[in-house]
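# Kindly generate the corresponding structure for this input.
(2 chains)
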Amino acid sequence: MHSETRLILGGLTTLAVATAALVVLPYITIADSAPAPGLEPYTPTELRGREQYIQHGCVYCHSQQPRARAFAPDAKRGWGRATVAGDYAYDDPPLLGTMRTGPDLMNIGARQPSDQWHLGHLFQPRAYVPGSIMPAYPFLFDVRDRADEGETIVALPPGTVPDGKVVVARPAALDLVAYLKSLDRSYPALAADQ
Amino acid sequence: MSPLAILMSAFILSIVGLGFFIWSQRAHLTDPSTEGSEVIFAAGEIGTPEEPAGPSSTTRSAADVDDAELLARARADASTAPLVFFFYCCALVWLLVASAAGLTASIKLHAPDWLTAEAWLSFGRIRTVHLNAVAYGWAPMAGLGTALFVIPRLLKTELVGGRYALLGAALWNAALVAGLGSLAYGVSDGLEWLEIPWQIDLLFVAGGALIGLPLILTLRRRQVAHLYVSVWYMGCALFWFPVLFLVANFPDLHHGVEQATMNWWFGHNVLGLFYTPLALASIYYFLPKVIGRPIQSYNLSLLGFWGLAFFYGQVGGHHLIGGPVPGWMVTLSIVQSMMMILPVAAFTANQHLTLKGNLGALRHSPTLRFMCLGGLMYTASSVQGSFEALRSMNAITHFTHYTVAHAHLGLYGFVSLVFFGAMYFVIPRITGRDWPWPRMISAHFWLASIGIAIYFVSLTIGGWLQGRAMLDESRGFMESVLLTLPYLKARSVGGAMMALGHVIFAAHFIRLLTARGASRRAQPASPFATAAEGI
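Here you go, the predicted model:
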């Protein structure tokens, strides 16, 4: 090859083809999918919790995209129906994930609606799920002698913290749990004519 | 017209177009080795290996080599030396940071209550620090440093505007320090490979542009008519990366699940159109140089290059198989993933034919050892990736540690090993010093290759079993977690060996710099010594 112009133009053309297929066409067709009927926008608390989900890297072990029944038994595990673009209308960015070191969380709010379970599980996953390899998040909580008024005390299985100590959830933990509980796409995916 | 028919006709049209394009640039088909592949040698130099990392007896100078050309090469080396030295120092620092972060993350997966008090040490953050330190630290610093060394040699001219690249590298590294700091602190854009906040990305853009500038300036000053294969790869990589990075990080441009398709368009292309071409360019330069014989087939390298340029860009959608994205896009990516076998086969055949009869050089050349193993891993990881994209296989491997093993086969087994080999070649040339302890190079090589072997084999098996367990609804989810534990522990062992190899590499480099005059290389080609003294 003798011409750098032909080299670079050729290279940029092949990249343009790829960009058209994987970025531009999806941009035109699905970037502004209407919210699925039945999907509610996040509350400010839930959005703050979503920031916690992102900054602690939950997405590296948990997907948010149950697959179709023909493909994998995700629905039979209770993870919910296969998702559609409209399920992510309020997700910026969508947190689809690439790993299932832990279970899919697209419908964790429907599957496990208990605040106390979530808080305790974040404080020490192995107190709830023996053998779990999920990290513990003690830095989202305070372990003290007693709680102040208005604070949320986490009821833990006996032996998780020393006797006489209480575990108090910090606001970040409460936000995160609010977000987890909002993960509920159990409404039907599409109307019949779609 | 159905989407499938549109897709099929677009596919056939583009393949025909690509075929014509490659045909238009072919050399004489009957001529196995053309002048195009001989530009890396001086007149009369073919048959003379150059291996600065090997015992000095292997780098002999032939009496009839054109001295003027060797002098020009020495001048080209001298013009890049301080700059490449800076890039390599940064690369080594990020290699050590990334190794420490990666090993920590690996141990945490089987010891989840280890180091839980600090948020920045939690798995989700330290894993992200690991990925970004490799993706924006080690790999680009080593790859771009090597490109800056190789390109003036290939164009037979001195580097023009090196100080821009130095400023650019400083900005780039400042951006990376800020980026890793913000990830550890908990500020992230939330997309894999694109976590660093877009405000910091502006610094990367400025730094990257300044690094690319001298390469364009040098290209305009070239003294050769023929652009060698390595220039194609390096030149295009330097144009591809800015496009990828700018489009992907542009704030508030991408919405909804389109962000996911863009995410994997970027995520796979930064591998396929940035690290891969930089590493392949290194193989295409150093491998023939070390054995002293031009690459076998110019036409095969043409096919390999344009095939990669065309097919690789479109494979990213295979990360979203089964996801909430358009089916035609996923199908397109699967087809192009399989088509990648073509350029990979072209590269593999070319490498094999070039090496044939020269394998003896492996015994004394550390560069060649790293390059050959790296090249083999390119073939292995690419073919594995093609099959992993098939729906039947992907149903098992997606969402499992199998994918992690595959990613490390590519980015470590292939890209990192090739960069190690390049650095062992280049560092004696830019410092004018010999590697003081050749046994340390062997130790690094064996730790790295046995380490990645343990890493890859254990995670591949563990990930496969994990995927099988998740597809069987009669087995509880926890079963798929518990069965991976022995394999995750084995991965930590492999990872620790790799990290130890990197520590040895860095220590050896420091020793090379601090060793007193005795290790000063007696230059085989006397013009080089003269030019190098003048730095």
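# Quick check: closest non-adjacent residue to residue B:349.
Leaving aside its sequence neighbours, residue B:349 sits nearest to residue B:300 (Cβ to Cβ, 6 or more residues apart in numbering or on different chains; 6.0 Å). The way it works is simple: take the backbone N, C-alpha and C, and place the C-beta from them, glycine included.
# Please list the outside residues in contact with the one helix or strand the one you found maps to.
In this assignment (DSSP states H and E), residue B:300 forms part of helix B:298-311. By Cβ atoms under 8 Å, 6 or more residues apart in numbering or on different chains, the list of residues contacting helix B:298-311 from outside reads A:1, A:10-11, A:14-15, A:17, B:14, B:18, B:21-22, B:25-27, B:29, B:33-34, B:36-37, B:229, B:232-233, B:236, B:272-273, B:276-277, B:280, B:284, B:295, B:336-337, B:339-340, B:342-344, B:346-347, B:349-350.
# Write the PyMOL selection for whichever of those are buried.
Filtering those down to the buried ones (16 or more other Cβ atoms under 10 Å in any protein chain shown) takes a single PyMOL command:
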select buried, (chain A and resi 1+10+11+14+15+17) or (chain B and resi 14+18+21+22+25+27+33+36+37+229+232+233+236+272+273+276+277+280+284+295+336+337+339+340+343+344+346+347+349+350)
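# The nearest residue to residue B:113 once chain neighbours are set aside: what's it in contact with?
For residue B:113, ignoring the flanking residues on the chain, the nearest one in space by Cβ to Cβ, 6+ apart is residue A:136 at 6.0 Å. By Cβ under 8 Å, 6+ apart, residue A:136 lies in contact with A:122-126, B:112-113, B:116.
# What is the nearest of the residues you listed to residue A:106?
Within the contacts of residue A:136, the smallest distance to residue A:106 is 18.5 Å, found for residue A:122 (Cβ to Cβ).
# picking that back up, for residue B:487, see how far away the residue nearest to residue B:113 is.
With distances taken as Cβ to Cβ, to the nearest Å, residue A:136 is found 22 Å from residue B:487.
# ditto for residue B:211
For residue B:211, the distance to residue B:487 equals 39 Å [Cβ to Cβ].
# more crowded one of these two?
Set side by side, residue B:211 and residue B:487 show more neighbours around residue B:211, with 26 against 21, by other Cβ atoms under 10 Å in any protein chain shown.
# which stretches of the chain have low pLDDT?
Going with chain A. Scanning chain A for pLDDT under 70 picks out A:190-194.
# nope, chain B
Scanning chain B for pLDDT under 70 picks out B:1, B:27-34, B:56-63, B:517-535.
# how many neighbours does the residue of it found nearest chain A have?
Proximity of chain B to chain A (Cβ to the nearest Cβ) peaks at residue B:124, 2.1 Å away. By other Cβ under 10 Å, 23 other residues sit near residue B:124.
# Return the residues in contact with the closest residue to it other than its chain neighbours.
Nearest non-adjacent residue to residue B:124, counting by Cβ to Cβ, 6+ apart: residue A:57, 2.1 Å away. Neighbouring residues of residue A:57 by Cβ under 8 Å, 6+ apart: B:122-125, B:127-128, B:188.
# just residue A:47 next, same as before
Applying Cβ under 8 Å, 6+ apart to residue A:47 gives the contacts residue A:179.
# Secondary structure element holding it?
In this structure, residue A:47 sits in helix A:44-55 according to DSSP H and E.
# Count the neighbours of the residue lying closest to residue B:230 once chain neighbours are set aside for me.
Spatial nearest neighbour of residue B:230, chain neighbours left out: residue B:281 (3.9 Å); criterion: Cβ to Cβ, 6+ apart. Using other Cβ under 10 Å, residue B:281 has 29 neighbouring residues.
# go on, the one 5 residues further on?
Around residue B:286 there are 27 other residues, counting by other Cβ under 10 Å.
# Same check on the one 5 residues further on?
The local packing of residue B:291 (other Cβ under 10 Å) involves 22 other residues.
# Same check on residue A:158?
7.
# now do residue B:65
Residue B:65 has 18 neighbours, counted by other Cβ under 10 Å.
# Quick check on the closest residue to chain B within chain A: phi, psi?
Of all residues in chain A, residue A:57 sits closest to chain B, at 2.1 Å by Cβ to the nearest Cβ. Dihedral pair for residue A:57: phi 70, psi 30, per degrees, to the nearest 10.
# Chain A contacts on the stretch 301-450 of chain B?
B:302, B:306, B:309-310, B:312-314, B:316-317, B:319-320, B:322-326, B:329, B:332-333, B:391, B:395, B:398-401, B:403-404 (Cβ under 8 Å from any Cβ of the partner chain).
# Can you tell me which of the residues you listed are buried?
Among these, those buried by neighbour count (16+ other Cβ under 10 Å) are B:302, B:306, B:309-310, B:312-314, B:316-317, B:319-320, B:322-326, B:329, B:332-333, B:395, B:398-401, B:403-404.
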